[in-house]
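1. predicted structure and sequence below. I'll ask about it afterward.
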Amino acid sequence: MHPYYLHQLFNQLSVQSDKLQQLEKMVRELQSDVDSLKNNKAATIGPINYHFEQLKIEKLEGTLNIGITPSEGNNLEEVMVNGQPIGSQDEDRTALYEKIRPLVVEYLQKEAPERLLEMASGSNLSINETYIQMVMQDLQRQMDGRIYDYLGQLPVAQQRRQNDEEICVTIVEQIKVDIDMTIRRHVDLEYEGKVGSG
């Protein structure tokens, strides 16, 4: 073999050897980085300061589970509140809702329209049947949420102490008061609008 070719071969082997050493060094550095990351499992998070007044939320959707981590309670049915499974509270509230709703609907269909007529005539407002139906439909759309709000405010201990009838009567009476107050405010606003524009 010619000495020139041997010299070229030797130079090429030397360059390859240098590159191999560089790559081995790089692999060792990467391995040490990976090992240090494995050993440092706990990440430290400094204090978090929330500035809610600076947020602008246009649309908020989803479910927020507070106090439940992914490793806890894989089934939400297993979650307990005040010693009672959440599911049973929902069932109790649904049963109470089913008893309360017809009573409120009956009030909205029979007594509330008469209350609206009385209050309107007391304020010298003339209203027709279509207007009354529109107001009653609006109140009925708000009714389900109102019932669930009152059921949600009921402590579990109170649910055990009182029987269902007492709870239903209390909530129905409170919703009737709310309906009457809403009708009164509505009539007052209509009257102020009539007087202000007339």
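-> Cool, got the structure.
2. residues near the spatially closest residue to residue 119 that is not a sequence neighbour, how many?
-> Leaving out its chain neighbours, the residue that sits closest to residue 119 by Cβ to Cβ, 6 or more residues apart in numbering is residue 187, at 4.4 Å. Using the backbone N, CA and C atoms, a C-beta is placed for each residue, glycine as well. Residue 187: 21 surrounding residues under other Cβ atoms under 10 Å.
3. pretty sure residue 187 is touching residue 121, no?
-> No: contact criterion Cβ atoms under 8 Å: residue 187 and residue 121 do not qualify, at 9.7 Å.
4. looking at the protein, which helix or strand does the model trust least?
-> When each helix and strand of the chain is scored by mean pLDDT, DSSP states H and E, strand 84-85 comes last, with a mean of 48.
5. how many neighbours does residue 93 have?
-> Residue 93, neighbours per other Cβ under 10 Å, totals 18.
6. quick one: low-confidence ranges for this protein?
-> Residue ranges of the chain with pLDDT under 70: 1, 41-44, 50-90, 155-162, 193-198.
7. quick one: the strands in it, in order.
-> 80-81, 84-85 (DSSP state E).
8. quick one, helices of this structure?
-> Secondary structure of the chain (DSSP state H): helices at 3-39, 86-122, 129-153, 156-161, 164-197.
9. any chance of these in TSV, plus distance to residue 49?
-> Formatted as TSV, the helices of the chain follow (distance: least, Cβ to Cβ, whole Å):
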stretch	distance to residue 49
helix 3-39	28
helix 86-122	32
helix 129-153	31
helix 156-161	35
helix 164-197	39
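10. circling back to that earlier point, residues touching the residue nearest to residue 119, list them.
-> Residue 187 sits next to 116, 119, 120, 122, 123, 125 when contact means Cβ atoms under 8 Å, 6 or more residues apart in numbering.
11. tell me the one among these nearest to residue 175.
-> residue 116 (15.8 Å; Cβ to Cβ).
12. how close does that closest one sit to residue 171?
-> Going from residue 116 to residue 171 by Cβ to Cβ, to the nearest Å gives 22 Å.
13. please apply the same query to residue 127.
-> Distance from residue 127 to residue 171, by Cβ to Cβ: 29 Å.
14. what about those two, which has more around it?
-> Using other Cβ under 10 Å as the criterion, residue 127 and residue 171 rank with residue 171 on top: 23 against 17.
15. which residues touch the closest residue to the more buried one other than its chain neighbours?
-> Distances taken as Cβ to Cβ, 6+ apart place residue 150 nearest to residue 171, at 4.7 Å, with adjacent residues excluded. For residue 150, the contact set (Cβ under 8 Å, 6+ apart) comprises 171, 174, 175.
16. kind regards, and thank you for your time.
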